[in-house]
Structure formats: C-alpha cells, structure tokens
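Asks: requesting a structural model of the entry that follows:
(chains A, B, C and D)
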2 protein chains.
Amino acid sequence: MYTNLINHIRRYIELDDDTIDILNKYIKPVNLKKKDFLLKEGQVCRSIYFVEKGCLRMFFVNDKMSEQITQFALENWWISDFFSFIDNKPSGYFIQTVEKSEILSIDTSSFEMMLKELPQMERYFRIVMQRALAASQLRAKYMYELTKEEFYTHFCGSFPEFVQRVPQYMIASYLGLTPEYVSELRKKKL
Amino acid sequence: MYTNLINHIRRYIELDDDTIDILNKYIKPVNLKKKDFLLKEGQVCRSIYFVEKGCLRMFFVNDKMSEQITQFALENWWISDFFSFIDNKPSGYFIQTVEKSEILSIDTSSFEMMLKELPQMERYFRIVMQRALAASQLRAKYMYELTKEEFYTHFCGSFPEFVQRVPQYMIASYLGLTPEYVSELRKKKL
DNA sequence: CGCGGGTTTGATGATGCTCAAGCCCGGTGG
DNA sequence: CCACCGGGCTTGAGCATCATCAAACCCGCG
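Replies: This is a model prediction of the structure:
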C-alpha cells in the first residue's frame, strides 16, 4: 500500500479506510528502474505523478542540445508538466527517474473522476498546489537575489543529503550552471 | 459588484446568486491609488488579493538596496506571498499598486471559513493554483533557455500592451536586467 | 583490463553589470 | 506662465562573472 501518499494526504485532510479503497481505483502504481521515462518531449503529459520512493527529474533539451533540468521530485512530491496536463498540449519536457523509483500516477480522466467522486480531495490538491506555488516563489526569489556562486553555496547548504544523492552535473544543470563552473566552485571551497 | 471575480469563478465552477451572497461576506474590497501598499516587508501576509482593476507589483529590496520585482498582477489575477500566508511567517516582500486599483482581499480566517461554508470553492482555488503553477513553470523554462536579451525581446513580443503600461525600469527589474542594459537593447532594436 | 561517463583544469572571451555623467520631460510652485 | 526640480531614461567606458572549448584525468562497471 502507498503509505507515503496516504500519510501525505492525511497531513491535510481526513481520510477513512473506505475512502482509501475508492482512491485506489484511480491510482496506478508504476515501478521504474534508473533512467526510465515517464514523459518524453512531444507527448502530451496525461498524468500527475507522486513519488512514493526514489527521485525524478524534469528537463528539456535546449538549442545547444544539452539537457536543462528545471525540477526534481523526491519522496512525497507531486510532479507534472501542468501546462501540458491542463490543456492537453504536447509537452516540451522529459520526466525521467534519476534512480530506481516507485511512482504513483493519476491520469487526466481518473483525476477528474476521482475529484467528482471524492470532492474532499479538491482540498488536498488545492493545498498541495498552493504549497508548490509557495516553493516556486521562494526559489524564484533566490534566483533573483543570489549570484550563481551564492546560489550554489546556498543550495548545497540547504540540501546536503540531496547533493550527495544525485550526480554533480545534474545539480549544475538545475541551478543553471555549467559543470565546469561547479567544479571550480568546489575546488575553491574545499 | 465584483463582476471580474464572479466571471472568473464562473469559468471554473457553477455559481448561483445565493452563493454569491455568501461569498460577499468574506470578501473585502479595497480601493487604492497609485503606489499604495497592501503588504510591507516584515509584516505577515494575511490575505490573498484579487485584482478587479488595475495592477500590482510584488518586490523585495536586495542587499544593494534596490527593488527587485518578482511578480506583477493584472486584472483577474490572484497574488499573495503564499509562503507567508500559509505559515504566518513575516514576509520579505512588498506588494504595491502600480496604478490606481480596485482590489478584493480575503484574509486567512475568512479564507478558511469561506472554504468551510462553500466547499465547492476548494475546486476553484485548486484550479487557480494549478494554473498559477503552470505559469510559473513556463516562466522558469524561459529563464533557463533564453539569454537576457532574448528574454527581454520575447517578453516585449508576448505582452506589448503591458510593456506600454508600466515604466521601463520595472520591466527591467522583473526580467532581472539593469535599466541601463534595457536601454541599450532598445537602441539596438529601433 | 579497457571503456565510457563524469569530473577537473586552464586559457580565452562574451554577456551583461557598475559607475558616473548628462539628458529629457512632465509636474509643481512661485 | 515660466523656471526649476527630480525621476526616469540614455550613453559610454571599464570590468566581473561565468560560459565555452579542448584536453586530460579518474574511476566504477562490464
């Protein structure tokens, strides 16, 4: 059973066992190994994904043909290309596992039906989205006020365990830096 | 009556006249002139704001003592410092009118009570937040893939009327550019 | 053992910032 | 009605930060 998801929902709303059974009808578990894809550029992003265990990254390929990571998702995070998900537009992103992961997915129509059958879940998702928005406001603030060096240092200070968990070039990409520059910064610090 | 807000809600959920009356209990209209403040740094952001008419900007003051704009809100947009709003933390932001504006505000406790009395509004706000998240994902993508020059050009191309509406130095700040550099870019184009 | 992905190194250079000065123009007070 | 004031925009010189490119290196895995 999806203990992480259940606990996450219970942080924000009441959830009895019958409701959990109903929820289960709409949720599709996906077990993936390292580097499997949930979404590729050009496809419509038809689901939102919850990370029960593992780690996802979302990236696009820029004009220099290099991968530009815009988001990570760790345990207890939802991730999706909302622009594509909402309007059924083809996505410009890839979503891929960084490591072996257990993902729960809800596709567009299940999402709608689930919300119809369990309207209390509207509240849960309202809160989830609101918190995601707060997080993205915060991140934007850091990008505005910090230099790239400060941004890197701040990030390593804030998420030391995460920095261990994923390769350095991914951190670099996520922060909008080149791997070479990150390497230079590391040398300076140690 | 707040026709913009009503119409905006009706884009996403059904809304009968009785419900509107109930809604009214929770909404506080605020009329502001140019450069009035809704929030100042250090205060807790106790409300979310809807722009019926006019324009708001959200900014913080960086270490060089200059104002860094992170968001604008035009007609039919909600704005708030969600980080502060959710957790009752003091905000690092200012929210200020750019021009004479009619704002609707809902404070924390009204928001909770309103959602309790009108649970269908959870759906409305879930959708609003979801779309705001999509918008912020899109903006982040542009910041990653475009140079500052391209970012400026793209922005002017996407929102020509808006660029007319607010002073140039605010556009510069929002895009993370210096006014001097924007000036240089304009010269190049014309 | 060899291959290949990831990291490091160093030289070179562009993008976009800083600072200082001048200009333009609209508003305000005399 | 005019003069002044000041906020915003422009100009240009100099420079810092960070990207680019090419090469070498390191090391875990097949």
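Asks: hey, what's A:Phe50 bridged with?
Replies: A:Trp78, A:Leu104 (DSSP bridges).
Asks: A:Leu104 is in contact with that one, correct?
Replies: Yes: A:Phe50 is within contact range of A:Leu104, at 4.4 Å (criterion: C-beta atoms under 8 Å). Glycine gets a C-beta too; all of them are placed from N, C-alpha and C.
Asks: these two: which has the busier surroundings?
Replies: Between A:Phe50 and A:Leu104, A:Phe50 has the larger neighbour count (other C-beta atoms under 10 Å in any protein chain shown), namely 25 against 19.
Asks: if we can go back for a sec, what residues are shared contacts of A:Phe50 and A:Leu104?
Replies: Residues touching both A:Phe50 and A:Leu104 by C-beta atoms under 8 Å, 6 or more residues apart in numbering or on different chains: A:Tyr2, A:Leu5.
Asks: mind listing the helices for chain A?
Replies: Taking DSSP state H to define them, one finds helices in chain A at A:3-10, A:17-26, A:82-87, A:108-117, A:120-145, A:148-158, A:160-165, A:168-175, A:179-189.
Asks: what are the buried residues along the fourth one?
Replies: Residues of helix A:108-117 classed as buried under the neighbour-count rule (16 or more other C-beta atoms under 10 Å in any protein chain shown) are A:Ser110, A:Phe111, A:Met114, A:Leu115.
Asks: what of stretch A:179-190?
Replies: Neighbour counts over stretch A:179-190 (16+ other C-beta under 10 Å) mark A:Val182, A:Leu185 as buried.
Asks: what residues does chain A put near DNA strand D?
Replies: A:Lys64, A:Thr147, A:Lys148, A:Glu149, A:Gly176, A:Leu177, A:Thr178, A:Glu180, A:Tyr181 (C-beta under 7 Å from any atom of the strand).
Asks: beta partners of the nearest residue to A:Gln71 once chain neighbours are set aside?
Replies: Nearest residue to A:Gln71, sequence neighbours excluded (C-beta to C-beta, 6 or more residues apart in numbering or on different chains): A:Met58, at 4.3 Å. For A:Met58, the beta-bridge partners under DSSP bridges are A:Gln71, A:Ile95.
Asks: give the contact list for A:Met58.
Replies: So A:Met58 contacts A:Ile69, A:Thr70, A:Gln71, A:Phe72, A:Ala73, A:Ile79, A:Asp81, A:Tyr93, A:Phe94, A:Ile95 (C-beta under 8 Å, 6+ apart).
Asks: now do the same contact list for the residue nearest the centre of chain A.
Replies: Chain A has A:Ala73 as the residue nearest its centroid, 3.0 Å off, counting by C-alpha atoms, centre = their mean. Applying C-beta under 8 Å, 6+ apart to A:Ala73 gives the contacts A:Tyr49, A:Val51, A:Cys55, A:Leu56, A:Arg57, A:Met58, A:Ile79.
Asks: for it, which non-adjacent residue is spatially closest?
Replies: That would be A:Ile79: by C-beta to C-beta, 6+ apart, it lies 3.9 Å from A:Ala73.
Asks: and A:Lys89, its phi and psi?
Replies: Here is the backbone geometry of A:Lys89 (degrees, to the nearest 10): phi -90, psi 150.
Asks: and it, what does it touch?
Replies: A:Val44, A:Phe83.
Asks: roughly how far apart are it and DNA strand C?
Replies: 28 Å (C-beta to the nearest atom of the strand, to the nearest Å).
Asks: next one: A:Tyr12
Replies: 36 Å.
Asks: can you check the pLDDT for the residue nearest to that residue when sequence neighbours are not counted?
Replies: Spatial nearest neighbour of A:Tyr12, chain neighbours left out: A:Ile127 (4.7 Å); criterion: C-beta to C-beta, 6+ apart. pLDDT recorded at A:Ile127 is 98.
Asks: next, count neighbours for A:Ile127.
Replies: Per other C-beta under 10 Å, the neighbour tally for A:Ile127 reads 19.
Asks: likewise for A:Pro119?
Replies: A:Pro119 has 13 nearby residues by other C-beta under 10 Å.
Asks: quick one, what contacts the residue nearest to it when sequence neighbours are not counted?
Replies: Closest residue to A:Pro119 apart from its sequence neighbours, by C-beta to C-beta, 6+ apart: B:Pro119 at 6.7 Å. Residues in contact with B:Pro119, defined by C-beta under 8 Å, 6+ apart, are A:Pro119, A:Gln120, A:Glu122, A:Arg123.
Asks: are any of those residues buried, and which?
Replies: Using 16+ other C-beta under 10 Å, the buried ones in the contacts of B:Pro119 are A:Glu122, A:Arg123.
Asks: got JSON lines for the contacts of B:Pro119, with pLDDT too?
Replies: Shown next, in JSON lines, are those (pLDDT from 0 to 100):
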{"residue": "A:Pro119", "pLDDT": "96"}
{"residue": "A:Gln120", "pLDDT": "96"}
{"residue": "A:Glu122", "pLDDT": "98"}
{"residue": "A:Arg123", "pLDDT": "98"}
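Asks: in TSV: the contacts of B:Pro119, plus distance to B:Lys35.
Replies: Shown next, in TSV, are those (distance: C-beta to C-beta, whole Å):
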residue	distance to B:Lys35
A:Pro119	42
A:Gln120	43
A:Glu122	38
A:Arg123	37
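Asks: and A:Ile79, how far from A:Asn31?
Replies: 17 Å (C-beta to C-beta, to the nearest Å).
Asks: the more surrounded of the two?
Replies: Each of A:Ile79 and A:Asn31 has its neighbours counted (other C-beta under 10 Å); A:Ile79 has more, 23 against 12.
Asks: correct me, but that one touches A:Cys55?
Replies: No: using C-beta under 8 Å, A:Ile79 makes no contact with A:Cys55, being 10.4 Å away.
Asks: tell me the pLDDT at A:Lys188?
Replies: Reported pLDDT at A:Lys188 in the predicted model: 84.
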